[in-house]
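> Quick one: sequence plus predicted model below, questions after.
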Amino acid sequence: MKNNTMELIISGRRQRRRRWVVVTALLAILALALCCAMLLLGNTIYPLGDVIRVLSGEQIKGATFAIHTIRLPRMLAGLFAGFAFGMAGYIFQTMLRNPLANPNVIGITSGSSAAAVFCITVIHANGAVVSIASVIAGLATVALIYALSKGRTFSIGRLILVGIGIQAMLDAVISYLLLVSSQQDIPTALRWLSGSLNGSKMDELPPLIIAVLVLSPFIIVLGKHLGLLELGEQSATSLGVATDKTRVVLILCSVGMIALATATTGPIAFVSFLSGPIAKRLAGSGFSNAIPAGLVGVNLVLAADLIGQFAFEVRYPVGIITGILGAPYLIYLLIRMNRKGEL
């Protein structure tokens, strides 16, 4: 009887692992296809051979400028920002055991956005200054939310409510900055707020790329503890997890990535909110879905950008398309949680 039970457990684990591997591979293939589409499509559609030759360093009149200066930075910004938003959103939702606990809803991206808008409209800075300010503001926002929500004991519900309040306050600050800023600064600031890949430049991408490449491994390694953290503070501690250290490292890594992603593309709406649930639905449970969630984020951003560019007569920023996709899901989630008595 014991042997049969062990065989069933092992078989189930193998099936879950196989499903995870297959889904992750398919998401990676889809992301690669979308990356290729970002390089091929535009006002002029270039054949794949020309794209490969340009990326190899060969000069082709017209194609070199379009691919190197416009399409490649746009694709890389969507790739790394989407991965950062998706992975960070999954970490917050899983660690705090609540689908509403993502950086968009609890004010973290608003903190980064407020810092970016301040730099643009008040001190007229750009590039590295904006990125540094966004990261610092994101970390400061997290520290403030955590401090205000901690009380005698840590409360997830209190953290979400405090985060929503901080977000409202920061949104008011952003509105005020836009109201008093000069006319020439408003278009640049609005680009941050809507979330857009337009105007992405290669020299602005290294901080985001480095952050994703350096911080993602920490999240992936610590991802095995997320399932234990979902069981609750006492259960995770009894199973040998250093909950405070694990939570701090995961939060710092996630905030670092999402702040730099926000500094690069603006707060692309609902990507961090949608990626985790979609990844869990596709890949199943039993293993950390940090990588699938990151890949879902990549696919959402790149697909939404292609839709915004080519599906309508007017070109829309990627954040508007993801907002259209995410808003109905948020309403559905709130209704479902209210029926279950979770709100």
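That came through fine. From a predicted model like this one, the values you see are computed outputs, not experimental measurements.
> What strand or helix carries N104?
Counting by DSSP states H and E, no helix or strand carries N104.
> show me the residues around it that make contact.
Contact partners of N104, counting by C-beta atoms under 8 Å, 6 or more residues apart in numbering, are G89, P267, A269, F270, S272, F273. Just so you know, the C-beta spots here come from the backbone N, C-alpha and C atoms, and that holds for glycine as well.
> Find the nearest non-adjacent residue to the fourth one, please.
Of all residues beyond its chain neighbours, the one nearest F270 is G326 (2.4 Å), with distances taken as C-beta to C-beta, 6 or more residues apart in numbering.
> Likewise for the last one?
With C-beta to C-beta, 6+ apart as the criterion, F273 has its nearest non-adjacent residue at 4.8 Å, and that residue is N102.
> ok, so what distance separates that neighbour from G284?
Plainly put, N102 is 21 Å away from G284 if you go by C-beta to C-beta, to the nearest Å.
> And for V271?
Look at V271 and G284: by C-beta to C-beta, they are 21 Å apart.
> neighbour-wise, which of the two wins?
V271 (36 against 16; other C-beta atoms under 10 Å).
> and the nearest residue in space to the more buried one that is not next to it in sequence, what element?
Closest residue to V271 apart from its sequence neighbours, by C-beta to C-beta, 6+ apart: F85 at 4.1 Å. Using DSSP H and E, F85 falls within helix 72-95.
> low pLDDT regions in the stretch 201-343 of the chain?
227-244, 337-338, 340-343 (pLDDT under 70).
> Same question for the stretch 51-200 of the chain.
100-101, 105, 127, 151-156, 192.
> What are the boundaries of the helices in it?
Residue ranges of the helices in the stretch 51-200 of the chain, as given by DSSP state H, counting those that start in this stretch, are 63-65, 72-95, 108-121, 128-150, 156-180, 186-194.
> Looking at the ones you listed, which is nearest to L260?
Within these, the stretch nearest L260 is helix 128-150; the backing value is 5.9 Å (C-beta to C-beta).
> orientation of the closest one relative to helix 72-95 in degrees?
For helix 128-150 against helix 72-95, the angle by axes from the mean of the first three to the mean of the last three C-alpha atoms, to 10 degrees is 10 degrees.
> Go through helix 128-150 and flag the buried ones.
When burial is assessed from 16 or more other C-beta atoms under 10 Å, helix 128-150 yields the following buried residues: 130-135, 137-139, 141-142, 145-146, 149.
> do stretch 84-103 as well
By neighbour count on 16+ other C-beta under 10 Å, the buried set for stretch 84-103 is 84-96, 98-103.
> Can you report how many residues lie near G107?
By other C-beta under 10 Å, 27 other residues sit near G107.
> what's next to stretch 130-138, contact-wise?
Under the criterion C-beta under 8 Å, 6+ apart, residues 108-109, 111-116, 118-120, 125, 204, 207-208, 255-256, 258-260, 262-264 lie in contact with stretch 130-138.
> and those residues, which are buried?
The neighbour-count test (16+ other C-beta under 10 Å) marks 108-109, 111-116, 118-120, 204, 207-208, 255-256, 258-260, 262-264 as buried among the contacts of stretch 130-138.
> Which residue, neighbours along the chain excluded, lies closest to A28?
L295 (5.9 Å).
> Thought F85 was touching that neighbour, still the case?
No - with contact defined as C-beta atoms under 8 Å, L295 does not reach F85; the gap is 11.7 Å.
> Who are the contact partners of the residue nearest the centre of the chain?
Centroid-nearest residue in the chain: F85, 0.5 Å away (criterion: C-alpha atoms, centre = their mean). Listed by C-beta under 8 Å, 6+ apart, the contact set of F85 reads P103, I258, A261, I268, V271, S272, S275, G297, V301.
> distance of the last one from V173?
With the distance defined as C-beta to C-beta, V301 ends up 26 Å from V173.
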